[in-house]
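*Asks:* Structure for this input, please:
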Amino acid sequence: IMIKLVCNEFVPGGLGVDEAKIIASLVEDAGADAIIANAGNKTTKYITIPPNESPPGPLLDLAAEIKSVVSIPVVAIGKINGPELAESAVSRGKADFIGMARALVADPDLPQKAMSGLLTDIRLCNYCLQDCSEKGVPGIGRCCGVNPFAGNEYAWKILPAQDKKKVLVIGGGPSGIQAAIIASQRGHHVELWEQGDLGGQARLAPIAPFKEDTADILRYLKHVLDSSDVRVFANRLATVPDILDQAPDVVIVATGSRPAMLSIPGADSDMTTNVRSVYENRSVDGQKIVIIGGGDIGCETADWLAGPERQVTIVEILPDVLHRMKKIPKQRLLARLSQKDVTILTETRITAIEKNRVILQNKDGSVFELEADRVIFAIDAVSENRMVDDLKGRVKQVMAVGDAEFPGNLGAALRSGTAAALNI
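*Replies:* Purely as a prediction, here's the structure:
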């Protein structure tokens, strides 16, 4: 019998570690075989399920406290994000066993790879809490933002192709790389063309605060790609004539998306930029910044740019910001925005951009203005998939994947690339 014990609720008047140590001794006396050292409650659920802003292993010290008063094994849990941290925790005596949940959803083979010393082969969890938390993804349920097979294990099998085909993947973002890898694993002859550097938007994601862990999926994809038979051509612009010259049987269009813009007066002024350009340049000028769009990237950009010397305002047309983000990361991000004095205007639309100001309109129709020296558009993206139409009827099978199929998050892109490669 294992007891999962809350060792600290991290709320005023709640259960603390001193009480938990007493309970742990009672649990041992009652005959329990082990204790899982947990923490947090409904109010502090971000401690129970640590998001990406949490440091690795935030509950290890609590496990050590419990271990100091019992002789039965203590299991440490909570964002133990790899075998190195797990080994360190056990060797330093902080715990007897390590429990992993999300890390094993991200890579079910993590223990075997660690035992074999294949650490670079491990696909690490990025702790995004997007596809695995709450009800997960519509139509799938709980799945994973880095492991496209999670939730699809029984439906998706990488089986050898009966008819080996010449496959050309256009675009080297996560979806394109994933499609190329899976197609190659099935025995197809695969080339991947990328007009710039591999990675797509995954190159930019780690710039936002507390999203450093998102860099690992690109490392992992590149590692697997390098170990595959895929022929990779970076800095190669794909044109329809060049593609047709290769006479491919299958073309997978992974050309991503482009930032959407609004057709309003002043949208093309020197004051405006799109959010991807801000990330590409790693900076932006301006002290009074207005971000148009309160989705994930708009709010994360506000979190990145806001500070004592900058006034940042988010303008969102919907009744709430972050309407797609799951509860735990949403609550934590909103708390940081509040701490940084970011102004959030919901049910508000921008109608014009003028020199050093923007014109806004409330849902009741009232118009007001806001001082601004920089306007960042962070609204929905538009699929860049014209090549699909250009190639239809000229190539036997043409498929769009990732943002080129439908703009979404990383998990959606990886699942889209996988599905396409399995359907060749």
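
*Asks:* hey, C-alpha coordinates of stretch 40-54 in PDB?
*Replies:* Provided in PDB are the C-alpha atoms of stretch 40-54 (Å, rounded to 0.1, in the frame of the first residue of the first chain):
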ATOM      1  CA  GLY A  40      -0.400  21.700  -3.000                       C
ATOM      2  CA  ASN A  41      -4.200  21.800  -3.100                       C
ATOM      3  CA  LYS A  42      -7.000  23.100  -5.400                       C
ATOM      4  CA  THR A  43      -5.900  26.600  -4.700                       C
ATOM      5  CA  THR A  44      -2.200  25.900  -5.300                       C
ATOM      6  CA  LYS A  45      -2.600  23.300  -8.000                       C
ATOM      7  CA  TYR A  46       0.400  24.800  -9.900                       C
ATOM      8  CA  ILE A  47       2.500  23.200  -7.100                       C
ATOM      9  CA  THR A  48       0.800  19.800  -7.500                       C
ATOM     10  CA  ILE A  49       1.300  19.900 -11.200                       C
ATOM     11  CA  PRO A  50       4.300  22.200 -11.800                       C
ATOM     12  CA  PRO A  51       4.000  24.200 -15.100                       C
ATOM     13  CA  ASN A  52       6.900  25.400 -17.200                       C
ATOM     14  CA  GLU A  53       7.600  28.400 -14.900                       C
ATOM     15  CA  SER A  54       8.500  26.000 -12.000                       C
END
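
*Asks:* Let me see the mean pLDDT of that stretch.
*Replies:* For stretch 40-54, mean pLDDT rounds to 96.

*Asks:* Tell me the buried residues in it?
*Replies:* Using 16 or more other CB atoms under 10 Å as the test for burial, stretch 40-54 gives 40, 41, 46, 47, 48, 49, 50, 51, 52, 53, 54. C-beta coordinates here come from the backbone N, C-alpha and C atoms, glycine included.

*Asks:* what secondary structure does the second one sit in?
*Replies:* Reducing the assignment to helix, strand or coil with DSSP: H, G, I helix; E, B strand; the rest coil, the entry for residue 41 is coil.

*Asks:* quick one: buried residues of stretch 254-266?
*Replies:* 254, 255, 256, 257, 259, 262, 266.

*Asks:* oh sorry, the question was meant for stretch 320-328
*Replies:* Judged by neighbour count (16+ other CB under 10 Å), stretch 320-328 contains these buried residues: 321, 322, 325, 326, 328.

*Asks:* Switch the buried residues of stretch 40-54 over to TSV; also include secondary structure.
*Replies:* Listed next are the buried residues of stretch 40-54 as TSV, based on three-state DSSP:
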residue	secondary structure
40	coil
41	coil
46	helix
47	helix
48	helix
49	coil
50	coil
51	coil
52	coil
53	coil
54	coil
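
*Asks:* circling back: closest to residue 35 out of the buried residues of stretch 320-328?
*Replies:* Proximity to residue 35 was ranked across those by CB to CB; first place goes to residue 328, at 24.5 Å.

*Asks:* Can you verify that closest one is assigned to a helix?
*Replies:* Yes: when three-state DSSP is applied, residue 328 is found to be in a helix.

*Asks:* mind putting the buried residues of stretch 40-54 in CSV, distance to residue 230 included?
*Replies:* Output for those, formatted as CSV (distance: CB to CB, whole Å):
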residue, distance to residue 230
40, 43
41, 48
46, 39
47, 42
48, 41
49, 36
50, 35
51, 34
52, 30
53, 35
54, 36
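
*Asks:* Most widely separated two among the buried residues of stretch 254-266?
*Replies:* Longest distance between any two of the buried residues of stretch 254-266 is 34.1 Å, between 254 and 266; criterion CB to CB.

*Asks:* Assign the residue lying closest to residue 71 once chain neighbours are set aside to one of the three secondary structure states.
*Replies:* For residue 71, ignoring the flanking residues on the chain, the nearest one in space by CB to CB, 6 or more residues apart in numbering is residue 28 at 6.9 Å. What three-state DSSP gives for residue 28 is helix.

*Asks:* Got the phi and psi for residue 190?
*Replies:* phi -120, psi 130 (degrees, to the nearest 10).

*Asks:* Tell me where the stretch 201-350 of the chain has strands.
*Replies:* For the stretch 201-350 of the chain, the strands defined by DSSP state E, counting those that start in this stretch occupy 231-233, 250-253, 257-259, 272-274, 288-292, 311-315, 343-345, 348-354.

*Asks:* and residue 148, what does it touch?
*Replies:* Counting by CB atoms under 8 Å, 6 or more residues apart in numbering, residue 148 makes contact with 156, 178, 411, 414, 415, 417, 418.

*Asks:* Neighbours of the last one, how many?
*Replies:* One way to gauge burial is a neighbour count; for residue 418, by other CB atoms under 10 Å, it gives 23.

*Asks:* now the fifth one
*Replies:* Using other CB under 10 Å, residue 415 has 28 neighbouring residues.

*Asks:* Can I get the helix or strand where it lies in CSV, CA atoms only?
*Replies:* Using DSSP states H and E, residue 415 sits within helix 410-422. Written as CSV, here are the backbone C-alpha positions of helix 410-422 (Å, rounded to 0.1, in the frame of the first residue of the first chain):
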residue,chain,number,x,y,z
LEU,A,410,3.1,22.3,-31.4
GLY,A,411,1.2,19.2,-30.5
ALA,A,412,-1.3,19.7,-33.4
ALA,A,413,1.6,20.2,-35.8
LEU,A,414,3.4,17.0,-34.8
ARG,A,415,0.2,15.0,-35.0
SER,A,416,-0.6,16.5,-38.4
GLY,A,417,2.8,15.5,-39.8
THR,A,418,2.6,12.0,-38.3
ALA,A,419,-0.9,11.4,-39.8
ALA,A,420,0.2,12.5,-43.2
ALA,A,421,3.3,10.2,-43.2
LEU,A,422,1.2,7.3,-42.1
